Each structure stands twice: as C-alpha cells, then as structure tokens.
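Participant: The sequence and its predicted three-dimensional model are supplied below.
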Amino acid sequence: MAEKFDKDIAAIQYRLSSRLDTSQLEQVEAIATKLREMFRKLLVKSNHSVMEVLVATFIIEMGYQTDVEHPLEQNLVCDVYGRKSESTLIAEIETGFVPPEHALDPVTYIRARLVSKIARYSKFADRFLLATPVDNVAMIPNALSRPPRVRSAEEIESLKKLCDAYYTNPPISLEEIGNARLNDLLIVNVDELRVAVVDPETYLEAVRQLPR
C-alpha cells in the first residue's frame, strides 16, 4: 500500500512540476514528504492526499507559504493552511464520501458535515475555502453562502439543530454557526490538474439547475 501511495504522490508531483519555480517545488516536496510519513502512520488516505497536493500547489501558486494537515488546536487539524504576510487561508477538502452507517440519510449527513466544517475551521483564518471534486455536488445550506451579517437567527438555529443531530462531542455552537464564513469553493479536477474558484452564491445557483 505504501508503495502505491508513494507512486501516486510522485506522479502528481511530476505532472505539476513543469509549472512551478524552484521555491514552489521545494514547498510541494515538503508537503509530499509529510504526507508519505503520515500515510505510514495510517493518518491519511491516497485519494484525499492527492487532492491535498493539488490544492496546496494551487495555494502555493497564489503566493502563500503552505502546509498540509496543519494543527489549529487540540484535536483539530485542517487539510491545507496558507500564510502570506499577515493574511491566512484554510482550504478543507470535501469528497462527498458517506460512511455506511449513514446510507439512509446521506444528504442530511453531508449537509451537517459541511456546516460543521465551515463553522469549525473558518474562524482560524482570514479566508476559508471549501475544495471539492468536479464530480461531487457540495450540499451547502443557502444561509452559509451569504456573509454572517445577513444570516437570520432562524437560519442559525436551524443549522444548529441540524448539527446537533450529528455532532455533540464537541457540539457546534450558535456563535460558530453565526460567524461561519465560506469565501469561495475550489472545484478540483485531478485528471486535468485544474482548480477553479467559484463564489458560493454562483455555485449554489448552478446546483439549483440540476435535476432533483
């Protein structure tokens, strides 16, 4: 398994290398090395790590000093963390995976997980991004596509009730939900090594056009 993981990470590094300068290549190599070490400790998985390398490279190309699996506080680690001067950025990857125990409530479960991610992580950075594969539809509640200042108390309470059904240790607070910020989505195409930035309202408008 480790050999396959190493080959996958090396392959995406090689494919990305032609568009990076020496300093950027060094950052990507440090990220790849960290993920290889974590895989051997059973802390990361292959498909998620490949996406992390691609998203981290995109953030590096934006001029940020970038890390992956970055600790924020006790028991909370973000997927990709960037710092540029005094500005900070977090990108969390959401693949849309649903565990077997939620086979009968996948949509509700994913919505709760997205609310939880945005609420928990966005407070630790100036800019929060949600990265998702191009073949996944992120079930983002409408309230979180808008800035906190235009979020109603009723919307916050509804999202709190949703989270409480799935997250109680620790619970997601009303304050965290009220202040949660989703600045942009990153639509990730691993096959073509492309990452597109889409604002939440534009993304949700596109999702509404899908057949239901």
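Facilitator: All right, it came through fine.

Participant: Can you give me the first-to-last residue distance of stretch 95-102?
Facilitator: End-to-end distance of stretch 95-102 (Cα to Cα, to the nearest Å): 15 Å.

Participant: Can you point out the buried residues in it?
Facilitator: Residues of stretch 95-102 classed as buried: residue 95 (neighbour count, 16 or more other Cβ atoms under 10 Å). Bear in mind the C-beta positions are built from the backbone N, C-alpha and C, glycine included.

Participant: So which residues of this protein form helices?
Facilitator: Using DSSP state H, the helices of the chain run over 2-17, 22-40, 46-61, 106-121, 153-164, 174-179, 200-208.

Participant: Could you check how far the first one is from the centre of its chain?
Facilitator: In other words, helix 2-17. 21 Å (Cα atoms, centre = their mean, to the nearest Å).

Participant: so how far is residue 109 from the residue nearest the centre of the chain?
Facilitator: What sits nearest the mean C-alpha location of the chain, by Cα atoms, centre = their mean, is residue 92, with 1.7 Å. Residue 92 sits 16 Å away from residue 109, going by Cβ to Cβ, to the nearest Å.

Participant: OK, contacts around the residue nearest to residue 178 when sequence neighbours are not counted?
Facilitator: Counting by Cβ to Cβ, 6 or more residues apart in numbering, residue 178 lies nearest to residue 156, which is 4.9 Å off, once chain neighbours are set aside. By Cβ atoms under 8 Å, 6 or more residues apart in numbering, residue 156 lies in contact with 143, 174, 177-178.

Participant: Drop anything exposed from these.
Facilitator: Buried among the contacts of residue 156 by 16+ other Cβ under 10 Å: 143, 177-178.

Participant: Which one of the residues you listed is nearest to residue 160?
Facilitator: Nearest to residue 160 among those is residue 177, at 5.6 Å by Cβ to Cβ.
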